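**Q** When you get a sec, could you give me coordinates for this:
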Amino acid sequence: MTTDMAAGSAMDGGLRDRLSYLFVLSRPRFWLYLAGPVLVGIAAAATNLSDLFSPEALVLVAYFLVPANVFLYGVNDVFDVDVDEANPKKDDREARWRGDPVNRAVVVGSGVLGLGLFAFTPSVAWPWLVAHFFLAVEYSAPPFRFKTTPFLDSISNGLYILPGVAAYATIAGVNPPLLAIAGAWLWTMGMHTFSAIPDIDPDRAAGIQTTATFLGARWTYAYCAVTWGLAAVAFALVDVRLGALLGAYPVVVLGIAFSGVDVDEAYWWYPVLNTIVGMLITFGALWGIVNG
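**A** Next up is the predicted model:
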């Protein structure tokens, strides 16, 4: 092998390693937690098929599918380096932060790229986008670092549905029903708090206060059942079929709590459950578009 070939091979290997690392950092299993609400918002707001493939819709889906996840989880990992030392999830399903300048530039660049969304969306969507980016940073970063304050960590996870609200506003030109926003926000509160149960021990070891560490596992299950139950009620007031669909969440979490299923295992069922529920909501909206 010549010197040039060896150098090229090393460079390719380095690029693959970096891309692989950034891929894992972005939590691909959770990509639809941001992009999914965007798809639902677009489908719910669309009045014809052309709305689904408008440039604004495609730009929002593309950004919140990948770059927004690199930014959100990159910021999280930057400010969680010390906490993550005792987190076993970082040894297999996730990645520990590699704080070199290129990775920092990619994370910052992903956030800066999001500013371009304001050029593609109407002003009615801007407050929702501003709120999303504010919470995406302040959930993990000082001065607020909401993730370390019980209940604020849960409430601030509304950041996940705000892209969907912005998408609805972009396509419809008006905001979605307040009850739908409230229901979706409550759903994210339950989802976040359930996801924090496997982290109770490492978070306590690191001195991190969260809703889950404050309540303990048993009462955290109850908190999730209540927030998900309220979410189902709010959605039922918009459309009883949505309420019935969201009603699956309190049933499932109570089943986990009383069956003794390992929460570390159950935690990884939710991306599948959330994808199925999101698909059903989206298909229902598409059915309405096609059949009037």
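
**Q** and the nearest residue to residue 32 once chain neighbours are set aside, how many neighbours?
**A** Closest residue to residue 32 apart from its sequence neighbours, by CB to CB, 6 or more residues apart in numbering: residue 275 at 5.7 Å. Bear in mind the C-beta positions are built from the backbone N, C-alpha and C, glycine included. When neighbours are counted by other CB atoms under 10 Å, residue 275 registers 14.

**Q** my read: residue 275 touches residue 31, true?
**A** No. Using CB atoms under 8 Å, residue 275 makes no contact with residue 31, being 10.1 Å away.

**Q** Which neighbours do those two have in common?
**A** Here residue 275 and residue 31 have no joint contacts, going by CB atoms under 8 Å, 6 or more residues apart in numbering.

**Q** which element is the residue nearest to residue 32 on?
**A** helix 270-291 (DSSP states H and E).

**Q** What lies in contact with that helix?
**A** With CB under 8 Å, 6+ apart, helix 270-291 has contacts from 29-30, 32-33, 36-37, 39-40, 43-44, 46-49, 52, 191, 194-195, 241-242, 245-246, 248, 252.

**Q** So which of those belong to helices?
**A** Among these, DSSP state H puts 32-33, 36-37, 39-40, 43-44, 49, 52, 191, 194-195, 241-242, 245-246, 248, 252 in helices.

**Q** Centroid-nearest residue for the chain?
**A** Nearest to the geometric centre of the chain sits residue 33, at 3.7 Å (CA atoms, centre = their mean).

**Q** Just give me the neighbour total for the residue lying closest to residue 218 once chain neighbours are set aside.
**A** Spatial nearest neighbour of residue 218, excluding adjacent residues (CB to CB, 6+ apart): residue 257 at 7.5 Å. Residue 257: 19 surrounding residues under other CB under 10 Å.

**Q** buried sites along the strand or helix carrying residue 257?
**A** If you go by DSSP H and E, residue 257 is part of helix 248-259. Neighbour-count burial for helix 248-259 flags 249, 250, 252, 253, 254, 256, 257 (criterion: 16 or more other CB atoms under 10 Å).

**Q** other SSEs contacting it?
**A** Counting contacts by 3 or more CB pairs under 8 Å, 6 or more residues apart in numbering; DSSP states H and E, helix 248-259 is packed against helix 178-195, helix 211-238, helix 270-291.

**Q** what inclination does the last one have with respect to helix 211-238?
**A** Looking back up the chat, that one is helix 270-291. Helix 270-291 runs at 20 degrees relative to helix 211-238, counting by axes from the mean of the first three to the mean of the last three CA atoms, to 10 degrees.

**Q** what comes up buried for helix 270-291?
**A** 270, 271, 274, 277, 278, 281, 282, 284, 285.

**Q** Mind telling me what element the closest residue to residue 28 other than its chain neighbours is part of?
**A** Leaving aside its chain neighbours, residue 28 sits nearest to residue 69 (7.8 Å; criterion: CB to CB, 6+ apart). Taking DSSP H and E as the definition, one finds residue 69 inside helix 67-78.

**Q** Quick check: buried residues in that helix?
**A** 67, 68, 69, 70, 71, 72, 73, 74, 75, 76, 77, 78.

**Q** How about stretch 48-66?
**A** 51, 52, 56, 57, 59, 60, 61, 63, 64, 65, 66.

**Q** What is the nearest of those residues to residue 227?
**A** Nearest to residue 227 among the buried residues of stretch 48-66 is residue 64, at 23.2 Å by CB to CB.
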